[in-house]
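J.: the sequence and its predicted three-dimensional model are supplied below.
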Amino acid sequence: MSEQAAGQGAAASGPPADLDTCAQEPIRVPGSVQPHGVLLALSEPDLVVRHASTNVVDLTGLAVEDVVGAPFGAVVGAGAAQAVRAHVRTFGDLRARNPVAVEVEGPGGAVVADAVLHRVAVGGRTLLVVELETATGPRPFSFPNTYQAVRGALERLNHAGSLEDLFDVAAQEVRELTGFDRVMVYRFDADHHGEVVAEARRADLNSFLGLHYPASDIPPQARALYETSWIRIIPDVGYTPAPLVPGVDAASGEPLDLTHAVLRSVSPVHVEYLGNMGVRASMSISLLRDGRLWGLIACHHYAGPHVVPIGVRAAAEFLGSALSLRLVARAQDRELERQLAAQADIARVLTAARNPDRGLAEALAGEDPGLLSVVPAHGLVVVADGRTVTVGDATVDVRALRAWVQAQPDRVTTRTALAESDPELAAALPGVAGVLAVRLPGEQMVVWLRDEHLRDIYWGGDPQNKAIARREGADVRLSPRKSFDRWRETVRGRCEPWAPEHVRAVEDLRSRLLEVLLERNRWQLAAAHAVQLSLLPGRLPEPTGWALQARYVPAAGGRVGGDWYDALELPDGRFAVIVGDVAGHGIGAAAAMGQLRNALRAYLMRGADLREALVDLDELARRTMPDDMATVVAVVVDTSSGDAWIAAAGHPRPLALTADGGADLVTMRVDRPVGVGSGDPQVVRLHIEPGGGLVLYSDGMVDSRSTALAAGLRRLIEHFDRSDPTVPVDIDEVVADCHDLDSKDDMTLLLLCRDADLPAGARP
């Protein structure tokens, strides 16, 4: 199928030979080139030959011993040397400007040749590599000619209606352009196995369409070369390599790296592989996605050696690049369509999940809408809000599944072959081959289940019989398989792979579900208002030159929520103000609030800065309160200078008030909530000028069932954004205006203002 690694097996008495052990062959430094061209490596700027392939005599009439150490002009002629010298002085990216047309002085007269140039590092210096091929094909070689050669093909690619059409057009056009007997388009899966998805061939040849080839046919280092050099040509599989002289750099002992060399000699195992297939000449064009090998256009010729001129190869490479772009665009279009559809389904599901009159587990697992509309699956298990709901016919041991999900290191986990990867869980889920699991706080979870997807794969030869062993004296050498007959393998125990766009949608769903959980927990307040008030400060500090006041309003019905505010003087003379909101309702939320408030107080009192305090608070919550989550905004103020430091974890940004009556949200990044991984809260510094201040609030002030968040923020800002700063702001009027009788959330508002010239309404 493609270039393989070669290697030596163990002795006859050693372990069985395996082609995988050959994957370390240094195919970048084979030490020889294919003889359809000559390679010279020159030092710069003197252009003296330091390495040469032995077949240089065929082109120049000079023996390699006379060439190495000689000036480049003495080898190829002054005109050719001057053309190369002018080219390297003019252009920086040599590979983008190849080839250079030169006339080489040979034993029979001048020979027109194409010089392909690139630079390579060896022994701490850089050499200029010049590869000379006798010019063939349409002349002159130019970009317009290259474009004209593929213009019709590009038009056909543009009109292809599907990926399959793109594959077919590419195979047909490359075969017509290059004249190979067979042209195939390979596509690689996540495990690097290749499948022939399109084919154009000579009528008398058997078809390879639909056949698969194992990943071992392209070892990792060969894949890396395909990602670096997009086109690979072997005009004659039966060639005799032309060694490089000297074989290694004299100073460093390093061989010459031929990664970018067009003439680079081919692995002996790959040559043998092609010979076993009856191939006499081959060419491959890389298809890349995001710089990674996505597929190949593989060309095979059976009738004999097949020379492809540089101009035709450039046109084919151009066509391959255009195909790569179209394949990526078409694949991204498909992924985007599925991702947008999943996002729309998620939005509908979350709307249902926000309904406090409907159970969360039932809302997520419902049929219209439900999470099975987000990701296609055969079954679904939802554990949320103390309820378990299953959908589908699968027999599920929910306790075992729940324990497995909670033990996973990732919040979103996928499996496609459960019996292989997790046999104990597979025993608890009979008939299930794959899972897509979302871990939520409080041992809650959402898990999609997929049954076995039984399918037949047709391989080009038995994929398990990767190599044969040949005895050569006392050693056993590995050789590629000889049989490429159609071989069927029935794949069992695996589900249909989870599409990457569906996994991304589920990751987004988890983040948004955390918000829903936080919101629903607020609606479940059950304890008395007195419990909440007992945990709020009985008296606020009165720093000189500053005014501070706060209000707390419980949710409708007086149910206890998780809101809290705090203010305290710090040992260094500064003081801190805090507004927080614990997810949940009732005594549990109030208890969590008390722990978090006291812990944050302790961290600030011991002198921790805001970032350190919030990181420590998150660590404490995750280790000792794994079922709790909270948002927090904290401000530390230097009373003498007016400087304030602000940080937020999952909490709405404060309002900054200016002396001239302006009000706007503080520009800052809000970190994740406490308890779910707040690891890098941003601390911003703000100067509060005389007459200015800060407004801290909980989201109950701005977000409710009847008021959208954006509208609520605008309403709050309008209360504090005054054209006349002498007009007082009544904090109680603000709370009353923002209060929603239908709201299930409590409300907290804290106002901090600087100096005695503030409006009367801003004073305690």
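T.: That came in fine, so what should we check first?
J.: alpha carbons only for contacts and neighbour counts from here, please
T.: Will do.
J.: and residue 323, what does it touch?
T.: With contact set as Cα atoms under 8 Å, 6 or more residues apart in numbering, residue 323 has these partners: 157, 166, 170, 287.
J.: next step: these restricted to strands.
T.: Among those, the residues falling in strands (DSSP state E) are residue 287.
J.: now the longest strand seen in the chain: average pLDDT?
T.: Criterion DSSP E: the longest strand present in the chain is strand 109-122. The average pLDDT for strand 109-122 rounds to 90.
J.: how close does residue 568 get to residue 598?
T.: 11 Å (Cα to Cα, to the nearest Å).
J.: okay, the two: which has more neighbours?
T.: In terms of neighbours (other Cα atoms under 10 Å), residue 568 is the more surrounded of residue 568 and residue 598; the figures are 20 against 14.
J.: list the contacts for that one?
T.: 540-541, 575-577, 601.
J.: ok, now with 6 Å
T.: With contacts defined as Cα atoms under 6 Å, 6 or more residues apart in numbering, residue 568 is in contact with 575-576.
J.: let me know the pLDDT of it.
T.: For residue 568, the pLDDT comes out at 91.
J.: equivalent analysis for residue 224, please.
T.: 81.
J.: residues making contact with the helix or strand containing it?
T.: Element membership of residue 224 [criterion: DSSP states H and E] is helix 220-228. Contacting residues not belonging to helix 220-228 are listed as 286, 293 [Cα under 6 Å, 6+ apart].
J.: can I get it in PDB, CA atoms only?
T.: As requested, C-alpha coordinates have been extracted for helix 220-228 and formatted as PDB (Å, rounded to 0.1, in the frame of the first residue of the first chain):
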ATOM      1  CA  PRO A 220       4.900   6.000  12.200                       C
ATOM      2  CA  GLN A 221       8.100   7.300  10.700                       C
ATOM      3  CA  ALA A 222       6.800   6.800   7.200                       C
ATOM      4  CA  ARG A 223       3.600   8.600   8.100                       C
ATOM      5  CA  ALA A 224       5.700  11.500   9.300                       C
ATOM      6  CA  LEU A 225       7.500  11.600   5.900                       C
ATOM      7  CA  TYR A 226       4.200  11.700   4.000                       C
ATOM      8  CA  GLU A 227       3.200  14.700   6.100                       C
ATOM      9  CA  THR A 228       6.500  16.400   5.300                       C
END
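J.: which parts of that helix are buried?
T.: Neighbour counts over helix 220-228 (16 or more other Cα atoms under 10 Å) mark 220-223, 225-227 as buried.
J.: and if you look at stretch 570-581?
T.: Of the residues in stretch 570-581, those buried by neighbour count under the rule 16+ other Cα under 10 Å are 570, 574-581.
J.: ok, which pair from those is furthest apart?
T.: Pairwise distances among those were taken by Cα to Cα; the largest, 23.7 Å, belongs to 574 and 581.
J.: residues contacting stretch 603-617, please?
T.: Taking contacts as Cα under 6 Å, 6+ apart, the residues outside stretch 603-617 that touch it are 570, 679, 681.
J.: show me which of those is closest to residue 35.
T.: When these are compared for distance to residue 35 (Cα to Cα), residue 679 comes out closest, at 59.8 Å.
J.: for that closest one, give its distance to residue 408.
T.: Relative to residue 408, residue 679 is positioned 20 Å away (criterion: Cα to Cα).
J.: the more surrounded of those two?
T.: Of the pair residue 679 and residue 408, residue 679 is the one with more neighbours under other Cα under 10 Å, namely 18 against 13.
J.: mind checking the SS state of that one?
T.: When the structure is split into helix, strand and coil by DSSP: H, G, I helix; E, B strand; the rest coil, residue 679 lands in coil.
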